[in-house]
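S.K.: What would the 3D arrangement of this be:
(one chain, ligands or ions: 1)
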Amino acid sequence: MTIPQIDVTAASFKANPFPYYAQLRDEAPVHPVTVRMTQQRAWLVTRYADVLSVLKDERFAKDRHNAMTPAQLRKVPLIMNAFKQLQRGLLSLDGADHDRLRALVHQAFTARMIEQMREQIQTVADELLDAAEARGSMDVIADYALPLPLTMIGRILGIPAEDNAKFHRWTTVVLGAASNRNPLVLVPNIMGLTGYLKRAIRARQAQPQDDLISALVAAKEGNDRMTDDEILSMIFLLLSAGHETTVNLIGSGTLALLEHPDQLARLRDDPAIIKPAIEEILRFVCPAETATERYARMDLTIAGTAIPRGELVLAVVGSANRDPAYFDDPDTLDLTRANNKHLAFGQGIHYCLGAPLSRLEGQIALSTLVGRFPKLRLSIPTEQVQWKDSFILRGLKALPVSL
Ligand code: HEM
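M.R.: Residues are numbered from 1 along each chain as shown. Have a look, this model is predicted:
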């Protein structure tokens, strides 16, 4: 059978990409598509074993400068100046440059620090649900899934309460940049956020506090520390990498539970299954449908398909997570699935730094929501639920429910 030409970034595709990926795994496990937003060719890698090996394969670079020829680099569209500085983060570095920053941030962003946030995450979730309960309905995305991680990352960084409103405003615009590319809106918000964070970094250098910005300032390996620009890029990366992904986990996770009443009932009857339940929801909904860009450093072959040097490869973790070669009944949501080695957080040196935080936020958000509202229902027919256009991620625009 021929493989249909599909816009893999379109909302209509995001609603159910799984039959297409099943066809690719069977018939064309390394398949070229054109990314609509950039008109670039991307090779989709869809089988679990191949996705895993691409994520660990040093023949791929995250930094395109380490892969492309000068002629290929000249064709890459210029990125807006204001964004340039912010793009030089951990997730777009290779080898020793990456490992150095990862070791430094690892000292500041620790599992122990995250575990200490448990009570605060619970309080924020309770407060958001109190407000929703008073109204009798809510949009799970705008009223719960989005404000929860945004409020928490603000608190973790150490943004004082009186600055919350402007911090939320800036970050929402800057992180939503994919959908709002109007420079008149974007640039003042980027400048506002950048200026604010630079002042916050300088203030912590003069007087450290008990927060993540201070920990980033203090982190050192031997005599090596992060520069101010590196701290700024790191904060931007933490804000952007942790933002929509966690929103998608909570939002699409709620939808998956509502669409599987038997599993929802299991979770209500036995809230202690929340940890494996979140792992299964991560596997099943894939908040990040593909890992971020990787570029071939040389002409190479994956599963028999030749990839020329400099070309873009996308490891489709959302497809790997539904590969029947690795998971029994992969299209079934089973909240206590055994041996759930999903790839939702990636693998290898770029494995998600925020996995402990998003797991904890997901566990608290979903168990609190379903435990508190036994009559939770979708307010619109499932077919009317709208997904977002997206290159890498997979998530809902809105999820109206009654409580
Ligand atoms: C459900 C939520 C999340 C999902 C599904 C997710 C997924 C991922 C994936 C797949 C990668 C690897 C990308 C690649 O190899 O191309 C990654 C990397 C990363 N994530 Fe997450 N993420 C989530 C939440 C978070 C949070 C809350 C934070 C921080 C606050 C975060 C920070 C990062 C960082 C910094 C990296 C890059 C690590 C490196 O390059 O060494 N993520 N994430």
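S.K.: Residue 19: how many residues sit nearby?
M.R.: The number of residues packed around residue 19, counting by other C-beta atoms under 10 Å, is 10. Heads up, the C-betas are built off the backbone N, CA and C, glycines and all.
S.K.: State the next helix or strand along the chain beyond the lowest-mean-pLDDT helix or strand in the chain.
M.R.: Each helix and strand of the chain was given a mean pLDDT (mean pLDDT, DSSP states H and E); the minimum falls on helix 81-84 at a mean of 52. Stepping forward along the backbone from helix 81-84, the first helix or strand reached (DSSP states H and E) is helix 95-108.
S.K.: Pull that following helix out as CSV, backbone CA atoms only.
M.R.: Listed in CSV are the C-alpha atoms of helix 95-108, where the atom choice follows Å, rounded to 0.1, in the frame of the first residue of the first chain:
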residue,chain,number,x,y,z
GLY,A,95,29.2,16.3,23.5
ALA,A,96,31.4,18.1,26.1
ASP,A,97,29.4,21.4,25.7
HIS,A,98,26.2,19.6,26.7
ASP,A,99,27.7,17.5,29.4
ARG,A,100,29.3,20.5,31.1
LEU,A,101,26.0,22.4,31.4
ARG,A,102,24.0,19.3,32.3
ALA,A,103,26.4,18.6,35.2
LEU,A,104,26.0,22.1,36.5
VAL,A,105,22.2,22.3,36.2
HIS,A,106,21.9,18.9,37.8
GLN,A,107,23.4,20.3,41.0
ALA,A,108,20.6,22.9,41.1
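S.K.: what is the rounded mean pLDDT of the next helix or strand after it?
M.R.: Using DSSP H and E, the helix or strand that follows helix 95-108 towards the C-terminus is helix 111-115. Within the predicted structure, the mean pLDDT of helix 111-115 is 89.
S.K.: Summarise which helices and strands the next helix-or-strand element following helix 111-115 is packed against.
M.R.: Next in sequence after helix 111-115, counting helices and strands by DSSP H and E, comes helix 118-135. Using 3 or more C-beta pairs under 8 Å, 6 or more residues apart in numbering; DSSP states H and E as the contact definition, the elements that helix 118-135 packs against are helix 147-157, helix 355-372.
S.K.: what's the angle from helix 118-135 to helix 147-157?
M.R.: Direction vectors for helix 118-135 and helix 147-157, defined by axes from the mean of the first three to the mean of the last three C-alpha atoms, to 10 degrees, enclose an angle of 150 degrees.
S.K.: which other residues reach helix 118-135?
M.R.: 138, 143-144, 147-148, 151-152, 155, 360-361, 364-365, 368-369, 372-373, 403 (C-beta atoms under 8 Å, 6 or more residues apart in numbering).
S.K.: quick one: that helix to chain centroid distance?
M.R.: Computed by C-alpha atoms, centre = their mean, to the nearest Å, the chain-centroid distance of helix 118-135 equals 23 Å.
S.K.: before we move on, the earlier item: just the buried members of the contacts of helix 118-135?
M.R.: Burial of those was assessed by neighbour count (16 or more other C-beta atoms under 10 Å); the buried members are 138, 143-144, 147-148, 151-152, 155, 360-361, 364-365, 368-369, 373, 403.
S.K.: so where do the helices sit in the stretch 151-300 of the chain?
M.R.: Per DSSP state H, counting those that start in this stretch, the stretch 151-300 of the chain has helices spanning 164-175, 183-206, 212-218, 228-241, 244-259, 261-269, 274-285. These are given in chain order.
S.K.: Can you tell me what sits against stretch 320-331?
M.R.: 18, 21-22, 25, 46-49, 51-52, 283-284, 286, 337, 340-344.
S.K.: one step back: where among the helices and strands packed on helix 118-135 is average confidence lowest?
M.R.: Taking mean pLDDT as the measure, helix 147-157 is lowest among the helices and strands packed on helix 118-135, coming in at a mean of 92.
S.K.: Return it as CSV; C-alpha atoms alone will do.
M.R.: Taking Å, rounded to 0.1, in the frame of the first residue of the first chain, the C-alpha atoms of helix 147-157 are listed here in CSV:
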residue,chain,number,x,y,z
PRO,A,147,-1.6,27.4,35.5
LEU,A,148,-0.4,24.5,37.7
PRO,A,149,3.1,23.9,36.1
LEU,A,150,3.5,27.6,35.3
THR,A,151,2.8,28.6,38.9
MET,A,152,5.1,25.9,40.2
ILE,A,153,8.1,26.7,37.9
GLY,A,154,7.7,30.4,39.0
ARG,A,155,7.9,29.3,42.7
ILE,A,156,10.8,27.0,42.0
LEU,A,157,12.7,29.7,40.3
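S.K.: Report all helices and strands that that helix contacts.
M.R.: With contacts defined as 3+ C-beta pairs under 8 Å, 6+ apart, the secondary structure elements packing on helix 147-157 are helix 118-135, helix 164-175, helix 212-218, helix 228-241, helix 244-259, helix 355-372.
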